[in-house]
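Peer 1: fold the following and give me the result.
(chains A and B)
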Protein chains: 2
Amino acid sequence: MSKGHKIAAAVDLKTANEPRPPGSSRRERKASETRVRLFRCALKLFAERGFQNVTVEDITEAADVGKGTFFNYFDTKDHVLGVMVEIQLGKVAHAAELAAEGKKTIHYVLHKLALALAEEPGRSPGLARAVISSFLASESVRAIIGRNMCEGQKTIAAVVAVGQQRGEIEPLLDSVKVALQLQQCKMGTVLLWSLHEKPALRALIEDSFQQFWKSIAVAGKK
Amino acid sequence: MSKGHKIAAAVDLKTANEPRPPGSSRRERKASETRVRLFRCALKLFAERGFQNVTVEDITEAADVGKGTFFNYFDTKDHVLGVMVEIQLGKVAHAAELAAEGKKTIHYVLHKLALALAEEPGRSPGLARAVISSFLASESVRAIIGRNMCEGQKTIAAVVAVGQQRGEIEPLLDSVKVALQLQQCKMGTVLLWSLHEKPALRALIEDSFQQFWKSIAVAGKK
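Peer 2: The predicted model follows:
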């Protein structure tokens, strides 16, 4: 199973549920490109005008495709944000693979994950605000996000458990709670940054991760 | 200077900038009651319909006062949320007083503060979502919130510094960064709770505060 298929299978997107005809890799690739183009154009518009003020027509116009094309890829405007979640879940899955390989410390794996997760919403404060707003505004977006944050939490908990087995993370901690706290820590950092717009998000994530690590590490483990 | 005056002086609200005629305490009290009633009614409506979908008229109707009355207390609908910030800053100021008194440990003071700060937005997930959305949506609200979060951060940093002087908190930590991380941690917890709606916010804040404390405490200090 390719990585792309694994990621697609984890999310609630129209294309993910459709059977793919055999030997259609070129068509598939083109479809995937169109989908990503629609996603990028949509994000840009959400950041500029706010999620609520962008129509499907605005998105298809910006992406230079017919309006009908949009609905080949997404059930609703809300589902566009599912792609963001796909990208984020892909990063979490990659962290789990790294942890399983055993070549890197769990400190390295989680640190890299924290920085990677902030990349997508951190492209601009306006975008981060638009994305968080849309999570808050729509029940159907919330349902998608909620399911996928839970999925992400479970995978991160598994990474934490590996860290406990290897003697890096305090063995008595509840790995599921630790995973939730990592998510909370990251979301809070992105939220406050998107309000203040300063300083650089990367430095803030760096600080808050190191502080977080101190609270879970076995004494003396970096 | 009464506590009420101190709180009002710290925020950007119309009434806070107006000189108060001498001997008008009854009138003042009534004005303050009307202001709080408008605030409570507004919050209820924001939680039900979302900040963007509530008009000043909706608020004055719910509070059973004339539309003009609203503008005696608030410049715009955005400024209603200044009252929320007032309440939150009042809690931070109270924590600073407790710390200065020296009768309680700084662990006690910050723990109590973390729980108290989550009370206001934590009345319902819908309310928390409406409040965070309004922070994100409007530039003027963001300016008010930004100023006051910075104010709160400075005051919390002073409490952390007291904890460092007393040997409770690691002396090498940057107290301003620690204060920001406490705010991030709390905001992230409220945000994720408002999306998931489960379990109880108090238990989540409790967990995340204890984890946070472990990352700043001198080893062995509870």
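Peer 1: how about the contacts made by the residue nearest in space to the middle of chain A?
Peer 2: In chain A, the centroid-proximal residue (C-alpha atoms, centre = their mean) is A:Gln88; its distance is 2.1 Å. Neighbour list for A:Gln88: A:Leu117, A:Glu120, A:Asn148, A:Gly152 [criterion: C-beta atoms under 8 Å, 6 or more residues apart in numbering or on different chains]. The C-beta positions use only the backbone N, C-alpha and C, and glycine is treated the same way.
Peer 1: the last one contacts A:Gln183, doesn't it?
Peer 2: Yes: here A:Gly152 lies in contact with A:Gln183, judged by C-beta atoms under 8 Å, at a distance of 7.0 Å.
Peer 1: list the buried residues of the helix or strand containing the residue nearest to the centre of chain A.
Peer 2: Using DSSP states H and E, A:Gln88 falls within helix A:80-101. Of the residues in helix A:80-101, A:80-96, A:98-99 count as buried by neighbour count, 16 or more other C-beta atoms under 10 Å in any protein chain shown.
Peer 1: distance of the residue nearest to A:Ala118 when sequence neighbours are not counted from A:Cys185?
Peer 2: On the basis of C-beta to C-beta, 6 or more residues apart in numbering or on different chains, the spatially nearest residue to A:Ala118 that is not a chain neighbour turns out to be A:Ile205, at 4.7 Å. Per C-beta to C-beta, to the nearest Å, A:Ile205 is found 9 Å from A:Cys185.
Peer 1: C-terminal to the biggest helix by length in chain A, what's the next element?
Peer 2: Ordering each helix of chain A by length in residues (DSSP state H) puts helix A:139-165 first. Sequence-wise, the next helix or strand downstream of helix A:139-165 (DSSP H and E) is helix A:175-196.
Peer 1: residues near the residue of chain A found nearest chain B, how many?
Peer 2: Scanning chain A for the residue nearest chain B gives A:Gly188, at 2.5 Å (criterion: C-beta to the nearest C-beta). If you count neighbours by other C-beta atoms under 10 Å in any protein chain shown, A:Gly188 ends up with 25.
Peer 1: my read: it touches B:Leu180, true?
Peer 2: No: using C-beta under 8 Å, A:Gly188 is not in contact with B:Leu180, being 9.9 Å away.
Peer 1: hang on, the earlier thing: now the contacts of A:Gln88 as TSV including neighbour count and pLDDT?
Peer 2: Formatted as TSV, the contacts of A:Gln88 follow (neighbours: other C-beta atoms under 10 Å in any protein chain shown; pLDDT from 0 to 100):
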residue	neighbour count	pLDDT
A:Leu117	23	92
A:Glu120	18	79
A:Asn148	20	88
A:Gly152	23	95
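Peer 1: of these, closest to B:Ser215?
Peer 2: The nearest member of those to B:Ser215, counting by C-beta to C-beta, is A:Leu117 at 19.4 Å.
Peer 1: show me what contacts A:Leu115?
Peer 2: With C-beta under 8 Å, 6+ apart, A:Leu115 has these contacts: A:Arg202, A:Ile205, A:Glu206, A:Phe209.
Peer 1: mind doing that once more with 6 Å?
Peer 2: For A:Leu115, the contacting residues are A:Ile205, by C-beta atoms under 6 Å, 6 or more residues apart in numbering or on different chains.
Peer 1: if I look at it, how far off is A:Tyr108?
Peer 2: Taking C-beta to C-beta, one finds A:Leu115 at 11 Å from A:Tyr108.
Peer 1: equivalent analysis for A:Phe209, please.
Peer 2: To A:Tyr108, A:Phe209 is 11 Å away according to C-beta to C-beta.
Peer 1: swap in A:Glu97?
Peer 2: 13 Å.
Peer 1: and chain A, which residues reach chain B?
Peer 2: Residues of chain A lying near chain B by C-beta under 6 Å from any C-beta of the partner chain: A:129, A:133, A:136, A:142, A:146, A:177, A:181, A:184-185, A:187-189, A:191-192, A:195-196, A:207-208, A:211, A:214-215.
Peer 1: got any ranges where chain A has weak pLDDT?
Peer 2: Chain A contains residues with pLDDT under 70 at A:1-24, A:220-222.
Peer 1: tell me the domain ranges of it?
Peer 2: A:3-77, A:79-216 (automatic domain parsing).
Peer 1: return the most buried member of those.
Peer 2: Comparing the domains of chain A by mean neighbour count (mean count of other C-beta atoms under 10 Å in any protein chain shown), domain A:79-216 ranks first with a mean of 20.
Peer 1: start to end distance for that domain?
Peer 2: Taking C-alpha to C-alpha, to the nearest Å, the first and last residues of domain A:79-216 lie 35 Å apart.
Peer 1: and for stretch A:73-87?
Peer 2: Start-to-end span of stretch A:73-87 (C-alpha to C-alpha) is 16 Å.
Peer 1: what's the answer for stretch A:68-88, then?
Peer 2: Across stretch A:68-88, first to last residue, C-alpha to C-alpha, it's 27 Å.
Peer 1: ok, stretch A:161-179 next?
Peer 2: Using C-alpha to C-alpha, the end-to-end distance of stretch A:161-179 comes out at 10 Å.
Peer 1: how about residues contacting it?
Peer 2: Outside stretch A:161-179, the residues touching it (C-beta under 6 Å, 6+ apart) are A:Ala99, A:Ile106, A:Gln153, A:Ile156, A:Ala157, A:Val160, A:Ile216, A:Val218, A:Lys221, B:Asp207.
Peer 1: what's the answer for stretch A:33-47, then?
Peer 2: By C-beta under 6 Å, 6+ apart, the list of residues contacting stretch A:33-47 reads A:Val54, A:Asp58, A:Ile59, A:Ala62, A:Ala63, A:Tyr73, A:Val80, A:Val83, A:Ser124, A:Gly126, A:Leu127, A:Ala130.
Peer 1: would you turn the contacts of stretch A:161-179 into TSV with distance to B:Glu168?
Peer 2: Output for the contacts of stretch A:161-179, formatted as TSV (distance: C-beta to C-beta, whole Å):
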residue	distance to B:Glu168
A:Ala99	35
A:Ile106	29
A:Gln153	32
A:Ile156	31
A:Ala157	31
A:Val160	28
A:Ile216	20
A:Val218	22
A:Lys221	24
B:Asp207	20
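Peer 1: circling back to that earlier point, so how far is the helix holding A:Gln88 off the chain centroid?
Peer 2: Put simply, helix A:80-101 sits 7 Å off its chain's centre (C-alpha atoms, centre = their mean, to the nearest Å).
Peer 1: do stretch A:33-42 as well
Peer 2: With C-alpha atoms, centre = their mean, you get 16 Å for stretch A:33-42.
Peer 1: return the alpha-carbon coordinates of it using CSV.
Peer 2: C-alpha atoms of stretch A:33-42 as CSV (Å, rounded to 0.1, in the frame of the first residue of the first chain):
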residue,chain,number,x,y,z
GLU,A,33,-3.1,17.7,-9.2
THR,A,34,-6.5,19.4,-9.8
ARG,A,35,-7.5,18.5,-6.3
VAL,A,36,-4.4,20.0,-4.8
ARG,A,37,-4.8,23.1,-7.0
LEU,A,38,-8.3,23.6,-5.8
PHE,A,39,-7.1,23.2,-2.2
ARG,A,40,-4.3,25.7,-2.6
CYS,A,41,-6.5,28.3,-4.2
ALA,A,42,-9.2,27.8,-1.6
